[in-house]
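Q: pasting a predicted model and its sequence here:
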Amino acid sequence: VQLPRGLKTLFTRTHLANSRPTTTMMTAALVALAVICGAQGTGGQLAALVEPHCTDSIRIRIAAPGREVQHQLVGALGEVGCSTTSTQTGHTSSTTAGSAGTKSGGNPIINGQVAVAVTPEGITVTRGDTGEILLAGSVPTFQPASASGCGDGFFSINLTLHGKPDKVFGLGQLESQNQKRDCTDPTEVELGHGAPPSGACGTPLDRRQMPGGATSLVSVKYNIPTGFMYSSSGFGLFLNQPGDGAAVLPRGTGDYQLSYICQRQLDLWVTVGTASEVYMRYGQATALPSPLPGYAARYWQSKDAYHTADEVVELARNFSRRNLSVGVIVIDLGPPATPPYYRLDPARFPDVAAMTATVRNLTGSEVMPNLKPTSVKSADCPGCGAGFETDGKADDGRVDPTSPACRECIWAKRVKPQLFDNGVRTYWLDDDEAADHFHPVGGNFTCGPAAYCGLWAAGSQWPRVFSDGTAAAGFPSVVLSRNLWAGASGALWSSDIESSWTELRAQVLAGLSSGLSGWPYWTSDVGGFWGAPTPELMARWHQFGSVCPLYRSHGSRPFNEPWSFGPDAERSITKSIQLREALHSYVLELSANTSVTGAPIIRPLWFDFPGPPQAWAVSDAFMLGPRYLAAPVLEEGARTRTVWLPVVAGGWSLYTTGETFAGGAAVTVAAPLDELPLFVRD
């Protein structure tokens, strides 16, 4: 081709500077070549841009008929790919992928282990080394969007890809979608997203086992979706679509039926490798999490609610007297009755700075308030597009976190002076699901209609108010949220769950699914939020919590402290907190590792042992990093626990007794009320 002068200069300088040009320079040149020289599509044609995007990974963007591929749209993928060292060997292709008969390059783009071809006939993803077809399907279909606020330039998109029958993991924490009235009946219909039902049995790890194979990608209470999924066939797929949609993954197939109701173009990312390789590349392509600060890796104490500063200080004294470790004390109070919001009620907390200093001196712990997406005065924060702070609607979500000015103003004029500067440096974000609790003025965010970018707005940009603010202030904070999206900075918790044994079992699945969706920091309300747990349930739930990424007890009950459930439960709960303290340095080690590799902190056995089929069948036990296998007791009255152990070179030993096991078989061990069956990889 005849190169434009600037591009010709870029190629020439690259060649002269180094006989083996750097990947970054060549990729930049080829991206420019594709954009300038590539066919963009007119009439019934679809313009496609296919390019390497991180090691062994490729990004595919396809625009609607007559539209050009757009850059710098909202989402979790940047334009330049990974900032880490890459071994990209591919090039970039810009082509047309229109109706049959349209001329198209069709040459596959190869980047290490993965290759992608986009032609008028469809999309094909293969292994770059063997040519094995992983996914194949027709090009997506586009229709004008009919969702609220979605006008010209927005489309409903449908894409179907076919592969070999597989298992699929990830897509978010989807508790509302399989909490069935009868856990033994696979035909039972799913419930809505209101209060959790009694007898809930949890969402299966394998998303192909969902009712009808359908997964809603709409953010509501108990349903926190993301676009990332991992296939047992050895690839990862990420839908960089920041709004409402659905994924249908029929059982017994390798089909992926993907749809969105209001998007500008299809944006798909695919990578090939082992589970650990896929999760590292996904983290590099979106955002790897920050390491946990030391206090966050300890036990968190919470309940609904500690109402005054005196209560909080007395709680800290009780932990100090009992020599019990605690890293975070949570104040679960909603917004004050009158504005301004994002503060603790001065009638109950007259001297916040003194309270936090006393708590820190007694226990070394941080104080964490419950914050909701409340509005602010437009005169104070014009970027928020609100102006409702005086109307008494504290919990109205009339803020626009996609506006940088709004985010910065809420931090600078509310959170920092009222909380952070008074020693309240960690934050719990409640009621922040996109469809339920964000109602921007006019129905649109700065990024566009809620149906287009609501997941990104609520799950990625809202936590940034707090994570960006504390980072700028130089404090290693933790933001705990009820809602996240791809690449978000924060930790997730599983919302207001019930106190029951079936819910405890469901939480094991929820926690594993969170990690498999790219959110390694997760916790549940230990003991459940709704209802009164028995001492036995409380003891067993604490044991599970002690080996979760975050260990936090919470509930809607007047007493929720470790010493509140009788002497037997107190002895067991104390041992769980002591176990967590013994594992503290290991949890921090795992956190540092996941900040580099993206690996889930808790994960199914198959993540570390993909060979044996038994590892893929275990869903009630899990690995805590590579060293420990946890088998929490999940049945009322049980005093033994049976679990399958993989074969490892040095065998396994029981943490409490030192009893050894070779692995490769199911074993049954004693499980008294005050002991968690925890196996150490020797």
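A: In hand now; what should we look at?
Q: which residue ranges of the stretch 101-250 of the chain form strands?
A: Under the criterion DSSP state E, counting those that start in this stretch, the stretch 101-250 of the chain contains strands at 109-111, 114-119, 122-127, 133-137, 141-144, 155-161, 168-174, 214-217, 223-231, 235-239, 245-248.
Q: and those strands, which one is worst for confidence?
A: Lowest mean pLDDT of the strands of the stretch 101-250 of the chain: strand 214-217, a mean of 91.
Q: look at Leu16 and report its pLDDT.
A: At Leu16, pLDDT is 27.
Q: one more: Ala379?
A: 73.
Q: what's near enough to touch Cys409?
A: Residues in contact with Cys409, defined by C-beta atoms under 8 Å, 6 or more residues apart in numbering, are Val376, Asp380, Cys381, Pro382, Gly383, Cys384. Yep, even glycine has a C-beta here, placed from its N, CA and C like the rest.
Q: mind putting those residues into JSON lines with distance to Gly153?
A: Output for those, formatted as JSON lines (distance: C-beta to C-beta, whole Å):
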{"residue": "Val376", "distance to Gly153": "30"}
{"residue": "Asp380", "distance to Gly153": "33"}
{"residue": "Cys381", "distance to Gly153": "29"}
{"residue": "Pro382", "distance to Gly153": "26"}
{"residue": "Gly383", "distance to Gly153": "24"}
{"residue": "Cys384", "distance to Gly153": "25"}
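Q: what's the neighbour count on His162?
A: 15 (other C-beta atoms under 10 Å).
Q: same deal with Asn223?
A: Around Asn223 there are 24 residues (other C-beta under 10 Å).
Q: likewise for Pro350?
A: 12.
Q: what pLDDT does the residue nearest to it when sequence neighbours are not counted get?
A: Nearest non-adjacent residue to Pro350, counting by C-beta to C-beta, 6 or more residues apart in numbering: Ala309, 6.9 Å away. Listed pLDDT for Ala309 reads 98.
Q: returning to that earlier point: as JSON lines, the strands of the stretch 101-250 of the chain with distance to Pro369 would be great.
A: Output for the strands of the stretch 101-250 of the chain, formatted as JSON lines (distance: least, C-beta to C-beta, whole Å):
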{"stretch": "strand 109-111", "distance to Pro369": "46"}
{"stretch": "strand 114-119", "distance to Pro369": "45"}
{"stretch": "strand 122-127", "distance to Pro369": "46"}
{"stretch": "strand 133-137", "distance to Pro369": "45"}
{"stretch": "strand 141-144", "distance to Pro369": "44"}
{"stretch": "strand 155-161", "distance to Pro369": "40"}
{"stretch": "strand 168-174", "distance to Pro369": "23"}
{"stretch": "strand 214-217", "distance to Pro369": "30"}
{"stretch": "strand 223-231", "distance to Pro369": "21"}
{"stretch": "strand 235-239", "distance to Pro369": "33"}
{"stretch": "strand 245-248", "distance to Pro369": "33"}
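Q: to Gln301, which of the ones you listed lies closest?
A: strand 168-174 (23.3 Å; C-beta to C-beta).
Q: quick one: work out the angle between that closest one and strand 235-239.
A: 40 degrees (axes from the mean of the first three to the mean of the last three C-alpha atoms, to 10 degrees).
Q: what are the pairing partners of strand 168-174, and which direction each?
A: strand 223-231 (antiparallel) (DSSP bridges).
Q: distance from the chain centre to the strand it pairs with, please.
A: Here strand 223-231 is found 8 Å from its chain centre; the criterion is C-alpha atoms, centre = their mean, to the nearest Å.
Q: ok, now which ones touch the residue sitting nearest the centre point of the chain?
A: Closest to where the C-alpha atoms of the chain average out (C-alpha atoms, centre = their mean) is Trp519, at 3.3 Å. Contacts for Trp519 (C-beta under 8 Å, 6+ apart) come out as Gln173, Thr226, Leu484, Ala488, Ala491, Leu492.
Q: thinking again about what came up before, give me the buried subset of the contacts of Cys409.
A: Neighbour-count burial (16 or more other C-beta atoms under 10 Å) is assigned, among the contacts of Cys409, to Val376, Asp380, Cys381, Gly383, Cys384.
Q: residues in contact with the spatially closest residue to Gln173 that is not a sequence neighbour?
A: Spatially, and ignoring its direct neighbours in sequence, Gln173 is nearest to Ile224 (4.6 Å; C-beta to C-beta, 6+ apart). When contacts are counted by C-beta under 8 Å, 6+ apart, Ile224 touches Gly172, Gln173, Leu174, Glu433, Gly459, Arg482, Asn483, Leu484, Leu492.
Q: for the last one, give the beta-bridge partners.
A: Under DSSP bridges, the beta-bridge partners of Leu492 are Ser481, Trp522.
Q: over to the third one?
A: Leu174 has these beta-bridge partners by DSSP bridges: Asn223.
Q: closest one of the contacts of Cys409 to Thr656?
A: For the contacts of Cys409, the nearest to Thr656 is Val376 (51.9 Å; C-beta to C-beta).
Q: count of residues packed around Thr253?
A: When neighbours are counted by other C-beta under 10 Å, Thr253 comes out with 15.
Q: now swap in the one 10 residues further on and tell me
A: By the criterion of other C-beta under 10 Å, Gln263 has 30 neighbours.
Q: same thing with Arg322?
A: 15.
Q: again with Gly151
A: Counted with other C-beta under 10 Å, Gly151 comes out at 11.
Q: for Val669, see how far away it is.
A: 62 Å (C-beta to C-beta, to the nearest Å).
Q: got it, and Gly212?
A: 39 Å.
Q: ok, now how distant is Ala435 from Pro535?
A: Following C-beta to C-beta, the distance that separates Ala435 from Pro535 is 38 Å.
Q: scratch that, Leu315
A: Counting by C-beta to C-beta - Leu315 and Pro535 are separated by 20 Å.
Q: show me which of those two is the more surrounded one.
A: Shown here are Leu315 and Pro535; by other C-beta under 10 Å, Leu315 has more neighbours (20 against 17).
Q: list the buried residues of the helix or strand the more buried one falls within.
A: According to DSSP states H and E, Leu315 maps onto helix 309-321. Buried positions in helix 309-321, judged by neighbour count with 16+ other C-beta under 10 Å: Ala309, Val312, Val313, Leu315, Ala316, Asn318, Phe319.
Q: do I have it right that the fifth one meets Met355?
A: No: under the criterion of C-beta atoms under 8 Å, Ala316 makes no contact with Met355, lying 9.2 Å away.
Q: what's the first-to-last distance across stretch 124-138?
A: Criterion C-alpha to C-alpha, to the nearest Å; first-to-last residue distance in stretch 124-138 is 9 Å.
Q: hmm, I typed the wrong one, I wanted stretch 143-152.
A: 11 Å.
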